[in-house]
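>>> Turn this into a structure:
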Amino acid sequence: MLQHIAIGQYVPGQSFLHQTDPRSKLLFVILFAALVFWANNAATYAVLVGFMLAGILLSRLSLSYILKSLRPVWLLILFTVVLHLVITKGGEVYFRWGWLSVEEMGVRQAVFISLRLTLLVLISSLLTLTTSPIDLTEGLERLLGPTGRIGVPVHEIALMMSIALRFIPTLMEETDKIIKAQTARGANLTEGSLVRRARSLMPIVIPLFVGAFRRAEELALAMEARGYRGGVGRTRLRRLKWSWRDGCVAAAACALTFVIGWWRT
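Numbering: from 1, shown residues only. Below is the predicted model of the structure:
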């Protein structure tokens, strides 16, 4: 069901990653994403997968739970694989049927591109699963702090990201409730043609949007009632501090960059 999707969820814990400063985790995720696109052979992707598995072990979360984050994008990954298998040509021919052929370069690209998408989704999910929305927002605001001097609305950007992350699980839970309610009233959401199933989604989409706008209005009223006026003059309850864990993350980032650069062809 939708409430079991891992994207946007936060799992409290006391693991190594849970206690690491959100700024170091954000920087590592950005670097990891860049290295995912920089990698170009089996050895470099194997290193990235190894680092990903090490991160999962350090988070003390089950692999099956983290893999649930792939559910919303598995169709995109499958479509990408099929597209490259059919379109990309070059190298040895593995299969041919009329105009349709599967060749070596197509298989190579299909594997690498699917790995890229999988690694990007997993590293993003690992970040949100081990970092509370408040810490993630504060870390992002601290990292973007210098850009505020040139007019970038840092606090507002961080606030919007925090609210978005906070309401992803809420909207998923509300969507699941609406689906169950419509099914109990006799709505058929899984059978029929593609057009019919698309039309059957309207009783789900409309209440979901109405509920989302209602929640947004209630949140705005609550913030105004509590005297919220933006980030000017605001103080922080807890201050972020770098620790030895952040040094380990920085060392891992340097080692990963060196290894990928060394084995990259």
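>>> residues contacting the residue lying closest to residue 131 once chain neighbours are set aside?
Nearest residue to residue 131, sequence neighbours excluded (Cβ to Cβ, 6 or more residues apart in numbering): residue 22, at 5.1 Å. Where you see a C-beta, it was placed from the backbone N, CA and C, and this is true even at glycine. By Cβ atoms under 8 Å, 6 or more residues apart in numbering, residue 22 lies in contact with 131, 135, 136, 138, 139, 140, 240.
>>> Please report how far residue 106 lies from residue 78.
Noted for residue 106: a distance of 15 Å to residue 78, by Cβ to Cβ, to the nearest Å.
>>> The two: which is more packed in?
Between residue 106 and residue 78, residue 106 has the larger neighbour count (other Cβ atoms under 10 Å), namely 24 against 11.
>>> Chain neighbours aside, what residue packs nearest to that one?
The shortest distance from residue 106 to any non-neighbouring residue, by Cβ to Cβ, 6+ apart, is to residue 88 (4.0 Å).
>>> wait, doesn't the one you found sit right on residue 102?
No. At 9.4 Å, residue 88 does not count as touching residue 102 under the criterion of Cβ atoms under 8 Å.
>>> how far away is residue 115 from residue 36?
8 Å.
>>> and what of residue 132?
On the measure of Cβ to Cβ, residue 132 and residue 36 end up 25 Å apart.
>>> Those two: who's more crowded?
It is residue 36, of residue 132 and residue 36, that has more neighbours when counted by other Cβ under 10 Å, with 21 against 17.
>>> Let me see the contact set for the more buried one.
48, 116, 119, 120.
>>> any idea which of those residues has the most stuff around it?
In terms of neighbour count, residue 48 stands highest of those at 22 neighbours, by other Cβ under 10 Å.
>>> who does the host helix or strand of residue 258 touch, helix- and strand-wise?
For residue 258, the host element (DSSP states H and E) is helix 244-263. In terms of contacts (3 or more Cβ pairs under 8 Å, 6 or more residues apart in numbering; DSSP states H and E), helix 244-263 is packed against helix 22-38, helix 42-59.
>>> For residue 10, see how far away the residue nearest to residue 106 is.
As defined by Cβ to Cβ, residue 88 lies at a distance of 39 Å from residue 10.
>>> Which residues does stretch 218-230 contact?
Under the criterion Cβ under 8 Å, 6+ apart, residues 155, 156, 163 lie in contact with stretch 218-230.
>>> Packing partners of the helix or strand harbouring the second one?
When elements are defined using DSSP H and E, residue 156 is found to belong to helix 154-184. Counting contacts by 3+ Cβ pairs under 8 Å, 6+ apart, helix 154-184 packs against helix 133-143, helix 202-225.
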